[in-house]
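*Asks:* Structure, please.
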Amino acid sequence: MLVRTENLQKFFNIGRNQTLHAVDGISLDIDDNEIMGLVGESGSGKSTFGKTLLGLHDRTGGTAYYNKELLPALFTAQDHLKYSRELQMIFQDPYSSLNPRMTVLDIVGEGLQIHGQHTRQQVKDEVADWLVKVGLNADHMSRYPHEFSGGQRQRIGIARAMIIQPKFVVCDEPISALDVSVQAQVINLLNSLKRSMGLTLLFIAHDLSMVRYVSDRMSVMYLGSLVETGPSDDVFFNPQHPYTQLLIESNPEPDPEVERKRSHIPIKGEITSPVNVQAGCRFADRCPKALSQCRSETPVATEVSEQHSVACHLFS
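*Replies:* Residues are numbered from 1 along each chain as shown. Model prediction:
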């Protein structure tokens, strides 16, 4: 097991005695050389979980381990320097995550420069090599981010994260801002790098079909907590939690004839506010199968089959 979190929490104080529960009690294990998919609606806390795990947000509570070593709740500059060789992140927005005043050479090669032990020429050679690996040209290193398309900028972000050869990478919706054809190219690139470098990935996305295709296991997140975790095919084809079932049903079929004939059951209402969350299942107000206890007792994860667990009172 490479990465582990136990009851990980990240709250934000937003004033007037209000607390936003962005991540509330996430316990997750990620094995070495595994791709763990993390899915859920916008506002579920997926990106905040990834950033908190890597120390970009301070932890409010709980613990996180990397390679059996306890990660600090508050990362110092020295901690970031220490762990950045092992832990990296590919950010969601391929434009705002790149400094518009820096060339591609400086952006991609910054990690090598920070960690030293490389001459300027060695940095240029490494950057050129990685630009080719991610499908760009070596002479692109003299350009600036605004001179590239969204897909090209995302490839620059991937090269920046991978050039120092990390072991664990959080991919925060790396394809959400890209065209479908470019999405496939980026996914294939990540799969290729995973095989060649022995990477472990936390892949955050909205598209359940894509997450099922990419990941070995999948976790479904709703309003700061995990509702279901298991092998990707099991979760996708045999969902147990009512929220997961509704997400799967809302996933469009690629065959237009099948899609037209298929009945759709939309998830009623909007995602509940994560401010001052009360006890009980957070999906209760939108759940078609809610029980009376769902509004007063918080469900705990229960194993329904091998490696497949669900946090729902229907299984407790």
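
*Asks:* so which helix or strand takes in the residue nearest to residue 114 when sequence neighbours are not counted?
*Replies:* Nearest non-adjacent residue to residue 114, counting by C-beta to C-beta, 6 or more residues apart in numbering: residue 81, 7.1 Å away. To be clear about C-beta, it is placed using only N, CA and C from the backbone, and glycine gets the same treatment. Element membership of residue 81, judged by DSSP states H and E, is helix 77-83.

*Asks:* same for whichever helix or strand comes after that helix, what does it pack against?
*Replies:* For helix 77-83, the succeeding helix or strand toward the C-terminus, using DSSP H and E, is strand 87-90. If you count contacts as 3 or more C-beta pairs under 8 Å, 6 or more residues apart in numbering; DSSP states H and E, strand 87-90 packs onto helix 150-162, strand 168-172.

*Asks:* out of those, nearest to residue 38?
*Replies:* Closest approach to residue 38 among those is made by strand 168-172 (9.2 Å; C-beta to C-beta).

*Asks:* So what touches that closest one?
*Replies:* For strand 168-172, the surrounding residues in contact (C-beta atoms under 8 Å, 6 or more residues apart in numbering) are 2-3, 30, 46-47, 50-51, 53-54, 66, 86-92, 161-162, 190, 199-204.

*Asks:* so residue 142 makes contact with residue 106?
*Replies:* No - using C-beta atoms under 8 Å, residue 142 is not in contact with residue 106; the gap is 10.2 Å.

*Asks:* how close does the residue nearest to residue 114 get to residue 152?
*Replies:* For residue 81, the distance to residue 152 (C-beta to C-beta, to the nearest Å) stands at 29 Å.

*Asks:* what about the two, which has more around it?
*Replies:* Taking other C-beta atoms under 10 Å, residue 81 and residue 152 do not tie; residue 152 has more neighbours (19 against 12).

*Asks:* on that earlier part again, per-residue pLDDT, the residue nearest to residue 114?
*Replies:* With respect to pLDDT, residue 81 scores 91.

*Asks:* Surely it touches residue 116?
*Replies:* No - Residue 81 lies out of contact with residue 116 (C-beta under 8 Å); the separation is 10.4 Å.

*Asks:* which residues in the stretch 101-250 of the chain form helices?
*Replies:* Here the stretch 101-250 of the chain has its helices, by DSSP state H, counting those that start in this stretch, at 104-114, 120-133, 150-162, 180-197, 208-214, 232-237, 242-249.

*Asks:* Roughly how far does residue 39 sit from residue 87?
*Replies:* Residue 39 is 22 Å from residue 87, by C-beta to C-beta.

*Asks:* Check residue 157 too.
*Replies:* Going from residue 157 to residue 87 by C-beta to C-beta gives 15 Å.

*Asks:* Those two: which is more packed in?
*Replies:* Taking neighbours as other C-beta under 10 Å, residue 157 and residue 87 compare with residue 157 leading, 26 against 20.

*Asks:* from what I can see that one touches residue 94, true?
*Replies:* Yes - at 5.5 Å, residue 157 counts as touching residue 94 under the criterion of C-beta under 8 Å.

*Asks:* Identify the contacts common to those two.
*Replies:* Taking C-beta under 8 Å, 6+ apart as the contact rule, residue 157 and residue 94 both touch residue 174.

*Asks:* hang on, residue 24 packs against residue 12?
*Replies:* No - Residue 24 is beyond contact range of residue 12, at 11.5 Å (criterion: C-beta under 8 Å).

*Asks:* Counting neighbours, go ahead and name the busier of the two.
*Replies:* residue 24 (22 against 15).

*Asks:* Leaving out chain neighbours, which residue sits closest to the more buried one?
*Replies:* Residue 24 sits nearest to residue 224 (C-beta to C-beta, 6+ apart), 3.9 Å away.

*Asks:* now residue 48
*Replies:* Of all residues not flanking residue 48 in the chain, residue 22 sits nearest, at 4.3 Å (C-beta to C-beta, 6+ apart).

*Asks:* in what helix or strand does that neighbour lie?
*Replies:* If you go by DSSP H and E, residue 22 is part of strand 18-30.

*Asks:* can you tell me which residue is nearest the centre of this structure?
*Replies:* With distances taken as C-alpha atoms, centre = their mean, the residue of the chain nearest its centroid is residue 204 (2.7 Å).

*Asks:* Done for today, thanks.
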